[in-house]
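J.: could you work out the structure for the sequence below:
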Amino acid sequence: MSNQFNQCFTRAPISLNFFCGVIALMTAIFMLLLLNGRYGKQEDVKGLIRSESFYRLTAEKPGNVSAIYVNEGDSVNPGDAIFSVALLWQNTKDHNGVGNMAEETTKRLNETLVEFETERENQSENDDQLLIQKERYFNELTQSISIAENAIKNYHDKKRLYATQLRDLTRLYKDNAITKTEVENTRQLIIENELGVKKSEVEKSGLLQTKIEKEIHYARLEQESLQRKNDISRKIREIGSELNNIRMRQEYIVTSPIKGIVHDMGILKGDFIDGRALTPSVILKENSAAEPVVVLQLSSKQIGLISPGEKVFVRVDTFPYESYGVLAAKVINISTTPTRVSVDDKESWFRVKLNILANDKHNKIPMEFLADGMTVSASLRQPKQTLIEWLFLPVKQALKRNPDYIHAEK
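T.: Next up, the predicted model:
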C-alpha cells in the first residue's frame, strides 16, 4: 500500500517541494508581521465645539413671563432689562381682615415713604433758611467788627494828632502865648481818646468772641441737620428696599450680565418658567474675539490615551468627512479629576480641551462654519507596538509588576 501511495504522490500535479515552499513563505510573512508590524488599542471619543462668548440666561424662580424688553439681534449692555417674571401670586388677607396683606403693606409703606420724602424736602428748606440766616448774621457781624476796627484806627490817628497838638500847645504855654486851660483841655481830649480806644477794643474782642460762639452754634446746627437728613435718607432707602423685596416676591427682572447682542429668544410672553429647567430662556452673544475650542469627554479607560500638547485630528459630525476632512487641534488642558468620581466609567468623565489649529494644512473647514455645540469625534490610539508585544502585553505588564510571581508560584 505504501508503494501505491508513493506512486500516487509522484503522479500528483503539485510536488512536496511546492507545499514546503508555500508553508515556509507563509511562515516568513507571519514572522515579519510579528516583528515589524505596529498595532495598538484604538478608542473613539466624542466631544463638542464650544465658544466662550455665549451666555445662557434663565429665571431662578418659577413664574410666568410678564414682559420681554428686547428682540433677537438687539444690542444690550450690562444691567439692561431682558425680561420680567411674575411669580406665583399668594392672596393672603391682612391681619385686620381687610384687603390683601401684600397690597396693604405696600400701601402703608408708600404712605410712609411719602411722609419721609416730605420731611426731607422740609428739612432741605430749613437747611436753606439756616444757611441764609447764617450768611446774613455773619455779614452783619463782620460789618460790626469792621466798624470797631475803623473806630480803633480813627482813635489811633486822633492820638497822634492830639500828641502833636499837645507838644505845640505846651511850647506856646511856656512862651506865655496861651493859657494853661487850653493845654489841660487837650490833655483831657487825649484821655477821652484813650478811653475810646479801649472801649472799641473791648467791643471788637466781644464781637470776635461772639463770632467764635456763633460759628460753633451754627456748626452744631448744621451737624444736627445733616444727621437728621441722613436718618431720613436711610429710612427712605429701607422703605424702598422693603418695597423692592415685596415686588421681588411678586415679580422680578432678569438683566444682561454682559455687553453684546441678543442671539436667541427661547421664550414668549406668558410662558411658564419652572426655575429648574436647564433650557436657557435667552442666549446672549458677547462682543468677543475668542476662538472656538474643542472639548472632548473621555472615560476613565480612555484618559490614558492622550497627552498634553498632543496633536489630535477631530471630525465634525455635521460635515461630510469625505468633503471636508478633519480639524487639526492641539491639547491644551487635561482634567486631572473627573466630573464625577465613580467606578462605573459611564459616569466618570474627564474633560480635555483642545485649541483648533486654524492654519494647519489638514484643515478644510472654515472657522466661521463652526458653531457652538457642534458634535465632534476623534480616534485615540495607544503607542504603536509590534504584534508580539501587543498580543502578549498583558503578560509582559503582569511580569513587570510582579517580578517574583514565577518564584512565588514555585
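
J.: partners of the nearest residue to L357 once chain neighbours are set aside in the sheet?
T.: Nearest non-adjacent residue to L357, counting by CB to CB, 6 or more residues apart in numbering: A328, 4.5 Å away. C-betas here are computed from N, CA, C, even on glycine. Counting by DSSP bridges, A328 forms beta bridges with F313.

J.: go ahead and confirm A328 touches I365.
T.: No: checked against CB atoms under 8 Å, the pair A328 and I365 is beyond contact range at 10.3 Å.

J.: the residue nearest to L357: neighbouring residues, count only.
T.: Residues lying near A328 (other CB atoms under 10 Å) number 19.

J.: enumerate every residue touching it.
T.: K311, V312, F313, I356, L357, D360, H362, N363 (CB atoms under 8 Å, 6 or more residues apart in numbering).

J.: just the pLDDT for it.
T.: We have a pLDDT of 89 for A328.

J.: look up how far F313 lies from it.
T.: A328 sits 6 Å away from F313, taking CB to CB, to the nearest Å as the criterion.

J.: joint contacts of these two?
T.: H362.

J.: any weak-confidence spans in the stretch 1-150 of the chain?
T.: 1-19, 31, 33-41, 88-102 (pLDDT under 70).

J.: hey, where'd the strands end up in it?
T.: Ranges of strands within the stretch 1-150 of the chain are 42-50, 54-57, 63-68, 75-76, 81-87, based on DSSP state E, counting those that start in this stretch.

J.: which secondary structure elements does the shortest one contact?
T.: So that's strand 75-76. strand 260-265 (3 or more CB pairs under 8 Å, 6 or more residues apart in numbering; DSSP states H and E).

J.: distance between the strand it packs on and the chain's centre?
T.: 20 Å (CA atoms, centre = their mean, to the nearest Å).

J.: run me through the strand neighbours of it, direction for each.
T.: strand 75-76 (antiparallel), strand 282-286 (antiparallel).

J.: looking at the last one now, give me its mean pLDDT.
T.: Strand 282-286 shows an average pLDDT of 88 in the prediction.

J.: ok, and what's touching it?
T.: 53-58, 70, 76, 82-83, 254, 256-267.

J.: and stretch 332-350, C-alpha only, in PDB?
T.: Taking C-alpha atoms only, stretch 332-350 is exported to PDB below (Å, rounded to 0.1, in the frame of the first residue of the first chain):
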ATOM      1  CA  ILE A 332      -4.000  72.500  25.900                       C
ATOM      2  CA  ASN A 333      -5.600  71.100  29.100                       C
ATOM      3  CA  ILE A 334      -6.400  67.600  30.500                       C
ATOM      4  CA  SER A 335      -8.600  67.500  33.600                       C
ATOM      5  CA  THR A 336      -6.900  65.700  36.400                       C
ATOM      6  CA  THR A 337     -10.200  64.800  38.100                       C
ATOM      7  CA  PRO A 338     -13.400  63.500  36.600                       C
ATOM      8  CA  THR A 339     -16.700  65.400  36.700                       C
ATOM      9  CA  ARG A 340     -18.000  62.700  38.900                       C
ATOM     10  CA  VAL A 341     -15.900  60.100  40.700                       C
ATOM     11  CA  SER A 342     -17.300  56.700  40.100                       C
ATOM     12  CA  VAL A 343     -16.200  53.100  39.500                       C
ATOM     13  CA  ASP A 344     -18.600  53.000  36.500                       C
ATOM     14  CA  ASP A 345     -16.700  54.600  33.600                       C
ATOM     15  CA  LYS A 346     -20.000  55.500  32.000                       C
ATOM     16  CA  GLU A 347     -20.500  58.100  34.800                       C
ATOM     17  CA  SER A 348     -16.900  59.200  35.300                       C
ATOM     18  CA  TRP A 349     -15.800  61.600  32.600                       C
ATOM     19  CA  PHE A 350     -12.700  63.600  32.100                       C
END
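
J.: and it, how far from the chain's centre?
T.: Distance, centroid of stretch 332-350 to centroid of chain: 29 Å (CA atoms, centre = their mean).

J.: which residues does that stretch contact?
T.: Stretch 332-350 has contacts (CB under 8 Å, 6+ apart) with 293, 297-301, 303, 306-308, 351-355.

J.: can you flag the buried ones in these?
T.: V293, Q297, L298, S299, S300, I303, I306, R351, V352, K353, L354 (16 or more other CB atoms under 10 Å).

J.: take those and keep only those in strands.
T.: Among these, DSSP state E puts V293, Q297, L298, S299, R351, V352, K353, L354 in strands.

J.: now the two most distant members of those.
T.: Using CB to CB, the pair of those lying farthest apart is V293 and S299, separated by 20.4 Å.

J.: state the distance from the residue of the chain most remote from its centre to S348.
T.: Computed with CA atoms, centre = their mean, the residue of the chain farthest from its C-alpha average is N176, at 102.9 Å. From N176 across to S348, the span is 134 Å (CB to CB).
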